[in-house]
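Novice: just coords:
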C-alpha cells in the first residue's frame, strides 16, 4: 500500500492511498477545528446517522516502564474525512466531541477499540457509547475464529485485499510532539481510515 501526503495549510492535508483513495485530513489541537469537523460529518451524513460507522484509533508515546504515557492523538474517520486531534496540546476538548462519541446511533470500530475507549474515559472523561472491535466483528461475519487475534494489517489483507506495512519506527515514535511528521500523519490517518473501511465492509457484507 503506497501513501503520500499533501499539505494544504497549517491544519489540513490530503493523504492518498494507492493513488486512488484521497482522505481529507484535519490535524489540529484546536477545539474549534474539532467542532467544525464534527459539524461537517453530521451534515454530510445526515441521512444515515442511524447507521454511521466511525473508524477510531488512538496513539501515545511508547513507555518502557509499567506506567503508560497518556493518549496523545485521537483519530476519527468517516468516509474520506479524517480527524487527528492532538489531545495533549488541545486548547480545550469540545462538548460536541463528547456528545459525538457518546451518541448511541454511531458505531465506533477499531482493533483494540475497547482499550482505547477505556483510556479516553479515564484520561479525558470521553465515553464511547458503542464500540465494536474489528477482530470480533470479522471473526463473526466471516466465520473465522482465528481472526479474533488478528491485527489491523491482517484484517486489511483479509477484508480489503491490501498489503499494509506498518513501520515500527513510526509505531514507536514520539506521538506527543506538537507537530506531527508527514509519516506520523499518514500512519495515523491510514489506521483510522482502514478501521472505518474494514468496519463498513464487514457490516455491509462486502468481503
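Specialist: Received the coordinates, thanks. The model shown is predicted, which means the values in this text are computed figures rather than measured ones.

Novice: for the record, mean pLDDT for the longest helix that the chain contains?
Specialist: For the chain, the longest helix by residue count, based on DSSP state H, is helix 182-204. For helix 182-204, the mean pLDDT works out to 97.

Novice: Buried residues in it, which are they?
Specialist: Buried positions in helix 182-204, judged by neighbour count with 16 or more other CB atoms under 10 Å: 184-202. Just so you know, the C-beta spots here come from the backbone N, C-alpha and C atoms, and that holds for glycine as well.

Novice: try stretch 163-174
Specialist: Result for stretch 163-174 [16+ other CB under 10 Å]: buried residues 164, 173.

Novice: now do the same end-to-end measure for it.
Specialist: 25 Å (CA to CA, to the nearest Å).

Novice: ok, and what's touching that stretch?
Specialist: 1, 61-62, 152-153, 156-157, 181, 183-184, 187, 190, 194 (CB atoms under 8 Å, 6 or more residues apart in numbering).

Novice: of all these, which two lie farthest apart?
Specialist: Taking CB to CB as the measure, the contacts of stretch 163-174 span a maximum distance of 28.2 Å, between 61 and 157.

Novice: can you pull out the helices in the chain?
Specialist: Taking DSSP H, the helices of the chain run over residues 31-44, 95-101, 113-124, 134-142, 152-155, 168-171, 182-204.

Novice: okay but residue 73 is in contact with residue 178, surely?
Specialist: No. The criterion here is CB atoms under 8 Å, and residue 73 misses it with residue 178 at 11.4 Å.

Novice: Look at these two and report which has more neighbours.
Specialist: Taking other CB atoms under 10 Å, residue 73 and residue 178 do not tie; residue 73 has more neighbours (25 against 8).

Novice: What residues are bridge-paired with the more buried one?
Specialist: Counting by DSSP bridges, residue 73 is bridged to residue 59, residue 86.

Novice: who's in contact with it?
Specialist: Neighbouring residues of residue 73 by CB under 8 Å, 6+ apart: 58, 59, 60, 84, 85, 86, 87, 175, 180, 188.

Novice: measure it to residue 200 for me?
Specialist: The gap separating residue 73 from residue 200 is 22 Å, by CB to CB, to the nearest Å.

Novice: pLDDT (mean, whole number) over stretch 152-169?
Specialist: Here the average pLDDT along stretch 152-169 is 93.

Novice: Who are the contact partners of the most centrally placed residue in the chain?
Specialist: Residue closest to the average C-alpha location in the chain (CA atoms, centre = their mean): residue 192, at 2.8 Å. The neighbourhood of residue 192, defined by CB under 8 Å, 6+ apart, consists of 55, 56, 57, 75, 76, 77, 82, 84, 110.

Novice: give me the number of residues near the last one?
Specialist: Spelled out, it's residue 110. If you count neighbours by other CB under 10 Å, residue 110 ends up with 31.

Novice: My guess is it contacts residue 135. True?
Specialist: No. Under the criterion of CB under 8 Å, residue 110 is not in contact with residue 135, lying 9.7 Å apart.

Novice: what about this protein, any weak spots by pLDDT?
Specialist: Along the chain, no part satisfies pLDDT under 70.

Novice: Give me the nearest residue to residue 111, chain neighbours excluded.
Specialist: Counting by CB to CB, 6 or more residues apart in numbering, residue 152 is the residue found nearest to residue 111 once chain neighbours are left out, at 4.7 Å.
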